[in-house]
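**Q** Below are the sequence and a predicted model; questions follow.
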Amino acid sequence: GIQVEQSPPDLILQEGANSTLRCNFSDSVNNLQWFHQNPWGQLINLFYIPSGTKQNGRLSATTVATERYSLLYISSSQTTDSGVYFCAVTSYDKVIFGPGTSLSVIP
Amino acid sequence: DAGVIQSPRHEVTEMGQEVTLRCKPISGHDYLFWYRQTMMRGLELLIYFNNNVPIDDSGMPEDRFSAKMPNASFSTLKIQPSEPRDSAVYFCASSPRRDNYGYTFGSGTRLTVV
């Protein structure tokens, strides 16, 4: 089946710093999404981004489907950005999650 | 809409007991997914339904696990008998479209088997 990789696995940032998270996938996909799991365990959809670039406040995402990767940019990080960021791809109907990047933003 | 509703939020049970987890998808969402999350294995897709029909159950770990969707507004995931290694957070998610635009998670059920 399709493989989804994310890097880095862990990241510690000083508040105010910027970061880039990467997602690689092994085959063509119908869709790609980014999720944030907050420290309370809730999973929130950040972006639905099968291709191109989108921005939402301090977050933006870019997917290059032909090269099978996506990037999530976090600018001016805040402590509330802490948690785990998941990339999830849709292959046919199935949604497959990557292993996640655990982000800690320290004051 | 109230979103995807899962119950119970927490469940503690003894090894060997039957456990039933419940999920109510968002109205109008034709797809429903069950996931298990553990530290070791991350988010694993267990099974998903389309229009109440199970499409892919290849992620169900073993015969002790079963899932049903008797109607468009209700699904259950049952573990019988439960074992300590089943301890995890179980998430349900629903989606209105095949490309999963609008994909929404429930709050999860934290299961502890002692």
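**A** Right, received. Where do you want to start?

**Q** which residue ranges form the strands in chain A?
**A** Applying DSSP state E to chain A gives strands spanning A:4-7, A:10-14, A:19-25, A:31-37, A:43-48, A:52-56, A:59-64, A:69-74, A:83-91, A:94-97, A:101-106.

**Q** hang on, I meant chain B
**A** So, for chain B - with DSSP E - the strands run B:5-7, B:10-13, B:19-24, B:31-38, B:42-50, B:53-56, B:65-71, B:74-79, B:88-95, B:104-105, B:109-113.

**Q** I'd like those strands as a markdown table, with distance to chain A appended.
**A** Glycine gets a C-beta too; all of them are placed from N, C-alpha and C. Listed next are these as a markdown table, based on distance: least, CB to the nearest CB, whole Å:
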| stretch | distance to chain A |
| --- | --- |
| strand B:5-7 | 12 |
| strand B:10-13 | 11 |
| strand B:19-24 | 14 |
| strand B:31-38 | 6 |
| strand B:42-50 | 4 |
| strand B:53-56 | 6 |
| strand B:65-71 | 14 |
| strand B:74-79 | 16 |
| strand B:88-95 | 6 |
| strand B:104-105 | 4 |
| strand B:109-113 | 8 |
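
**Q** how about the ones you listed in JSON lines, adding mean neighbour count and mean pLDDT?
**A** Formatted as JSON lines, the strands of chain B follow (neighbours: other CB atoms under 10 Å in any protein chain shown; pLDDT from 0 to 100):
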{"stretch": "strand B:5-7", "mean neighbour count": "17", "mean pLDDT": "97"}
{"stretch": "strand B:10-13", "mean neighbour count": "14", "mean pLDDT": "97"}
{"stretch": "strand B:19-24", "mean neighbour count": "19", "mean pLDDT": "98"}
{"stretch": "strand B:31-38", "mean neighbour count": "22", "mean pLDDT": "96"}
{"stretch": "strand B:42-50", "mean neighbour count": "20", "mean pLDDT": "93"}
{"stretch": "strand B:53-56", "mean neighbour count": "14", "mean pLDDT": "94"}
{"stretch": "strand B:65-71", "mean neighbour count": "15", "mean pLDDT": "97"}
{"stretch": "strand B:74-79", "mean neighbour count": "19", "mean pLDDT": "98"}
{"stretch": "strand B:88-95", "mean neighbour count": "23", "mean pLDDT": "96"}
{"stretch": "strand B:104-105", "mean neighbour count": "20", "mean pLDDT": "94"}
{"stretch": "strand B:109-113", "mean neighbour count": "18", "mean pLDDT": "98"}
